[in-house]
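fold the following and give me the result.
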Amino acid sequence: MPKHIFIMVCFFMSISLNAQHPYYGSLNQQLLSTNPAFAGSNKQLRVQTIGGTLDFQKYGYYKTGYYFGADGLAGKHSGLGLSAHYEQNGPAYSNTQVDLSYAYHINIGEKTKLVPAFQVSFFQVAMNANYVNYNEIWGNAIIEFPYVPPSGILRRNNLDFSGGLMFYRERFFAGASVLSFNQPDEGLLGVSKRPLTQVYQLGYRMPVNPLSSLDFYAFFKTQKTRETFLQYGLYYNIKFISFHLANRLNDISNTNAVVMGLNFNYSGFKIGYNCNWNYSKHSGNYFFNEVYLSMNFGAKKTDDPGVKLYY
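Numbering: from 1, shown residues only. Sure thing, here's the model as predicted:
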């Protein structure tokens, strides 16, 4: 696929379909939203895009999300990143966010690096009140809007600040990030602070033979007021093909998931698919389907260690 066509496809997915902060099954396709220290980690210009959809027909609910990210290394030490996210929850609620990331790559010896990073984000949450019944009783709560503009759409804009740290060698990395440490207000009907979020990651690539390797990883996200989960899994890479298998354990037992995926890699270009099978004893099973594209541009620098796991 010509590179200019690839860029057009990525921007079309991120702008016309839009993109927020859902955590996809293929976490290595949304690197900047998990830790800004990934900016510039593979020493090339890296472009990623991923989209997913869930249709929970049993309750008449659907959810879609999209992500676009681009990052590269400016000079020897400065990693720069730009990313955008969008999430739509049913017809009424949406969340859009744009992030700017900066990472500083510090050499420790010949093959090891320590990377502190900072991220500033602008976000907008919106609710279309035309899809919500006035004075509707949900349990013991009554929904009453204090003010609804003529368009029927309520919006909240704000800034968000996050930080990250990563340690890596050629085949191993460990990272930690603190997202929304200023806890901005995202409330539409009153004050609602974004929860402080912590993310911890580990990854290791084990060569099997000259044509294959195994990538092991673990990802832990924790919040006090919302979703906390642990995902662990592996990629089995055979030449141009990778098989993905993982398990996601949520603090709410009815949202545990098995992740299964397949992707094709060739000369810096990757296209793949993931299916998240969410299993539950209480509300039935449902599936979240994902498709992603990524590509690296420029000559690969072999004199500098990078995160091989995500090349």
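
thinking P184 is in contact with N157, fair?
No: using CB atoms under 8 Å, P184 is not in contact with N157; the gap is 9.7 Å. (Each C-beta comes from the backbone N, C-alpha and C, glycine too.)

which of the two has more residues huddled nearby?
Neighbour count, other CB atoms under 10 Å: between P184 and N157, P184 has more, with 18 against 12.

any idea of the pLDDT on that one?
Note on P184: pLDDT of 92.

now do R205
Confidence score, pLDDT, at R205: 92.

my read: it touches S213, true?
Yes: with contacts counted by CB under 8 Å, R205 reaches S213, the gap being 5.6 Å.

burial count for A84?
Number of residues near A84 (other CB under 10 Å) recorded here: 23.

how close does it sit to A70?
Noted for A84: a distance of 10 Å to A70, by CB to CB, to the nearest Å.

now swap in N265 and tell me
In this view, N265 and A70 are 19 Å apart by CB to CB.

more neighbours: which of those two?
A70 (21 against 16).

just to be sure, that one is in a strand?
Yes: read with DSSP: H, G, I helix; E, B strand; the rest coil, A70 is one of the residues of a strand.

does it touch D99 like I think?
No: A70 is beyond contact range of D99, at 11.0 Å (criterion: CB under 8 Å).

which residues are in contact with both of those two?
Both A70 and D99 are in contact with 81-83, where contact means CB atoms under 8 Å, 6 or more residues apart in numbering.

please spell out the PyMOL selection for the buried subset of those residues.
Filtering the shared contacts of A70 and D99 down to the buried ones (16 or more other CB atoms under 10 Å) takes a single PyMOL command:
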select buried, resi 81+83
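
now tabulate the shared contacts of A70 and D99 in JSON lines and tack on distance to V178 and pLDDT.
Formatted as JSON lines, the shared contacts of A70 and D99 follow (distance: CB to CB, whole Å; pLDDT from 0 to 100):
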{"residue": "G81", "distance to V178": "17", "pLDDT": "96"}
{"residue": "L82", "distance to V178": "20", "pLDDT": "97"}
{"residue": "S83", "distance to V178": "17", "pLDDT": "96"}
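
can you redo the shared contacts of A70 and D99 as TSV with secondary structure and distance to T53?
Converted to TSV, the shared contacts of A70 and D99 look like this (DSSP: H, G, I helix; E, B strand; the rest coil; distance: CB to CB, whole Å):
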residue	secondary structure	distance to T53
G81	strand	25
L82	strand	24
S83	strand	20
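
tell me what M206 is bridged to.
For M206, the beta-bridge partners are L214 (DSSP bridges).

what's the neighbour count on it?
M206 - counted by other CB under 10 Å - has 11 other residues nearby.

contacting residues for it?
By CB under 8 Å, 6+ apart, the contact set of M206 is 171, 213-216.

again, but for S192
Contacts for S192 (CB under 8 Å, 6+ apart) come out as 185-186.
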